[in-house]
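*Asks:* Attaching a predicted model along with its sequence, questions to come.
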Amino acid sequence: MKAQLTRPELDALPSYLPSPIPLDSSGAPQAPDAARLALNELPFGPLPGVLEAIIAAAGDSNRYPDMAAVALRNALADRHGVTPDRIVTGFGSVYLLELLLKAVCEPGQEFVFPWRSYEAYPVVAVGGNIRPVQVPCAADFRQDLDAMSAAITADTRVALICNPNNPTSTAVTRAELTKFIDSVPESVLVVLDEAYGEFVTDPDVPDGLVEYGDRRNVVVLRTMSKAWGLAGLRLGWLAAAPEVATAMRKLLAPFSTSTFAEVAAIAALEQEKEVRRRVDFITAERARMYPALKALATQAPVSQTNFFWLPMADPAAFAAHCEAGGVLIRDFPEAARVTIGTAAENDRLLEVTATADKLLTARID
Ligand SMILES: Cc1ncc(COP(=O)(O)O)c(C=O)c1O
């Protein structure tokens, strides 16, 4: 028998997430004209000023970036009214979550999070030798905060709420979140992953940084990948208590905020008005599309994000049907997830879904 060279726990993780964007053998998209509604990206090009900032920085490509990303941390701090010592930046918010777990959990301690939720959560847990504790969402696809509170044990170090939740598109309210945070022992960090926070229109859903940011055991995780349109540059950030941020910065992979990500993010932060205009467009499209999608997948929750969660009988066949019609979406075992794109892309999606076999999209309860 061959000796095992890697940790056996990794055998249970998915070894490869195939790209939902089909690629040819050279890595180029097979259907370049397809509507890319699979990855919850914004469909628009870079914000004004972003390209110029990247080009202006290109001459320094031979130099390392600023390890501490001071200029970007100052810009984020100014915009959000927090001190720069509380901010950590890095190549994507998933990476920062991984780092946070490393900074606070001893091997074998627990990380509590909702499920179904973002697929990277169990992976970063197992990667860090931390025990993932997945708390099922309620029947209406909303996170069950009472069950999450009950799941916290003496071994729990981190509990995460994804607000709004990917992939189910639902959000928890201020009353629910306040009760949950109040119920968590001070020694447990509560992470609020607000990757899609900019798309929230329900006034009962809180902005975690504004409403809970000053609590010592709350960490607010944000990304420039979604509303800010910088997914390809990889830039996430978080705000935490100064001692948590300091501990994390000790563990950062060297230079993990690239020169280009930093200058692009600073330029993007100057375009708040345009970001708001783009987000308003997406939320208006969300309102326009919902009735047709709800008729198709009757359990589809009201979305607080830039995507819809469509529970149905055969999501994989539905995704194949959409792909044949030039629309790339994401299928999960129990539902399809479709991102809101440009008006033309959304129209194409609605046309394609109108011809889907009713058996695929039938209710599954
Ligand atoms: C809930 C959630 N958190 C974090 C991320 C990752 O963001 P980033 O691109 O900053 O790594 C995603 C990406 O899809 C997400 O859905």
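*Replies:* Structure's in. What do you need?

*Asks:* Can you give the domain ranges for the chain?
*Replies:* Segmentation of the chain into domains, based on automatic domain parsing, reads 19-46+273-361, 50-269.

*Asks:* Now the last one: average pLDDT?
*Replies:* Meaning domain 50-269. What domain 50-269 shows for mean pLDDT is 97.

*Asks:* what's the span of that domain from first residue to last?
*Replies:* For domain 50-269, the first-to-last residue distance is 10 Å (Cα to Cα, to the nearest Å).

*Asks:* Adding mean neighbour count, write the domains of the chain out as CSV.
*Replies:* C-beta coordinates here come from the backbone N, C-alpha and C atoms, glycine included. Putting the domains of the chain into CSV (neighbours: other Cβ atoms under 10 Å) gives the following:
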stretch, mean neighbour count
domain 19-46+273-361, 18
domain 50-269, 19
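
*Asks:* Those domains: which one's closest to E9?
*Replies:* Ranking the domains of the chain by proximity to E9 (Cβ to Cβ) places domain 50-269 first, at 5.3 Å.

*Asks:* show me the contacts for V205.
*Replies:* Neighbour list for V205: N163, P164, A171, V172, T173, R174, Q304 [criterion: Cβ atoms under 8 Å, 6 or more residues apart in numbering].

*Asks:* My guess is R216 contacts V188. True?
*Replies:* No: taking contacts as Cβ atoms under 8 Å, R216 lies outside contact range of V188: 11.4 Å.

*Asks:* Any residues of the stretch 151-300 of the chain in contact with the ligand? List them.
*Replies:* With Cβ under 6 Å from any ligand atom as the criterion, the stretch 151-300 of the chain meets the ligand at residues C162, N166, D193, A195, T223, S225, A231, G236.

*Asks:* Closest one to L310 out of those residues, please.
*Replies:* N166 (14.1 Å).

*Asks:* Please confirm that that closest one is located within a helix.
*Replies:* No: using DSSP: H, G, I helix; E, B strand; the rest coil, the assignment for N166 is coil, not a helix.

*Asks:* and the gap between it and V112?
*Replies:* 17 Å (Cβ to Cβ, to the nearest Å).

*Asks:* ok, back up a step: show me the contacts of V205 that map onto strands.
*Replies:* Assigned to strands by DSSP state E, none of the contacts of V205 qualify.

*Asks:* For the residues you listed, give me a markdown table that also has distance to D24.
*Replies:* A markdown table is the format used below for those (distance: Cβ to Cβ, whole Å):
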| residue | distance to D24 |
| --- | --- |
| N163 | 38 |
| P164 | 35 |
| A171 | 38 |
| V172 | 42 |
| T173 | 46 |
| R174 | 48 |
| Q304 | 36 |
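
*Asks:* OK, contacts around the closest residue to the ligand within the chain?
*Replies:* Residue nearest to the ligand within the chain (Cβ to the nearest ligand atom): G92, separated by 2.8 Å. Residues near G92 by Cβ under 8 Å, 6+ apart: T223, S225, R234, L235, G236.

*Asks:* Identify the residues contacting the fourth one.
*Replies:* Contacts for L235 (Cβ under 8 Å, 6+ apart) come out as T89, G90, F91, G92, T223, M224, S225, T257, A261, E262, A264, A265.

*Asks:* Mind doing that once more with 6 Å?
*Replies:* M224, A261, A265 (Cβ atoms under 6 Å, 6 or more residues apart in numbering).

*Asks:* Between the residues you listed, which sits nearest S25?
*Replies:* A261 (29.5 Å).

*Asks:* how much space between that closest one and P301?
*Replies:* 33 Å.

*Asks:* tell me which element the residue lying closest to S183 once chain neighbours are set aside falls in.
*Replies:* Once flanking residues are discounted, S183 sits nearest to S149: 4.5 Å by Cβ to Cβ, 6 or more residues apart in numbering. Here S149 sits within helix 145-151, counting by DSSP states H and E.

*Asks:* now I266
*Replies:* Going by DSSP H and E, I266 is part of helix 259-269.

*Asks:* Following element in sequence after that helix, please.
*Replies:* helix 272-296.

*Asks:* Return the residues in contact with the residue nearest to T257 when sequence neighbours are not counted.
*Replies:* In this structure, T257 finds its nearest non-sequential neighbour in A69, 4.2 Å apart by Cβ to Cβ, 6+ apart. By Cβ under 6 Å, 6+ apart, the contact set of A69 is T89, T257, E262.

*Asks:* what about the second one, is that helix, strand or coil?
*Replies:* Under three-state DSSP, the three-state class of T257 is coil.
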